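Undergrad: Build me a model:
(4 chains)
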Number of protein chains: 2
Amino acid sequence: MDTIARTPEDIGTALRNARKAARLTQKGLADRSGIWQETISKIETGTGSAKLDTIFDLCAALDLELHVSPRSKGANIALEDIL
Amino acid sequence: MDTIARTPEDIGTALRNARKAARLTQKGLADRSGIWQETISKIETGTGSAKLDTIFDLCAALDLELHVSPRSKGANIALEDIL
DNA sequence: ATACTTTATGATCCATACATCATTAACATA
DNA sequence: TATGTTAATGATGTATGGATCATAAAGTAT
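TA: Now for the predicted structure:
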């Protein structure tokens, strides 16, 4: 499973999916990441933004890593891009 | 070119490499991303952390995207992990 | 419907990222 | 060396992320 992210919201949903795949509650993830449940909720729902530090803390707890790569042309185009 | 990032510093160096590959100065990237040169400098050098918003602004200006994926076992292991 | 668990929301406080301006250091190059 | 460009540093003010506590809303049972 590999998710493309171009916005903080994309990261939020990717993290939520990974958390659920790991069968963790927000509280469970909070415990193992040191990030508060309330903060996780805000990140997953895209309410406000987040710090990179926090994202990496969550990635570490979920055994995820980020890959920085050239934008893939034509893939995952948002509706606004073509309308 | 695809860089694995597990820390804010990794992101900083990936962005710097991408900027140089695009033959842009920090000021040039600042102009097209809306992020100030001073801020770009701090992100690239890993001085302090950054907001996700800012990272995505820079990614957009450099035609980069992030991929969230399961940690690749055995690859890119830090010294601290095995010492 | 009731009880329990999980997630979302709201307020406050503190830390800090970013904008902004000024300046210095580094690095080219004439 | 002197000049010009690029990158880094420092200070200040504003905006906001995250910790923390409390609570409400949603979801999932029994």
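Undergrad: For the rest of this, base every contact and every neighbour count on C-alpha atoms.
TA: OK.
Undergrad: dump the residue contacts of residue A:40.
TA: Shown in contact with residue A:40 (C-alpha atoms under 8 Å, 6 or more residues apart in numbering or on different chains): A:26, A:30.
Undergrad: Give me the secondary structure label for it.
TA: In three-state terms, and counting by DSSP: H, G, I helix; E, B strand; the rest coil, residue A:40 is helix.
Undergrad: Mind pulling the model confidence for it?
TA: pLDDT, residue A:40: 98.
Undergrad: what about it, distance to residue A:7?
TA: With distances taken as C-alpha to C-alpha, to the nearest Å, residue A:40 is found 16 Å from residue A:7.
Undergrad: same deal with residue A:22?
TA: 23 Å.
Undergrad: which one of the two has more residues nearby?
TA: residue A:7 (19 against 12; other C-alpha atoms under 10 Å in any protein chain shown).
Undergrad: phi, psi of that one?
TA: Note on residue A:7: its backbone torsions stand at phi -140, psi 160 [degrees, to the nearest 10].
Undergrad: For it, which non-adjacent residue is spatially closest?
TA: Distance criterion C-alpha to C-alpha, 6 or more residues apart in numbering or on different chains; nearest residue to residue A:7, sequence neighbours excluded, is residue B:56 at 6.3 Å.
Undergrad: cool, and residue A:44?
TA: Residue A:44 sits nearest to residue A:12 (C-alpha to C-alpha, 6+ apart), 4.0 Å away.
Undergrad: Let me know the secondary structure of that neighbour.
TA: At residue A:12 the chain is in helix, as set by three-state DSSP.
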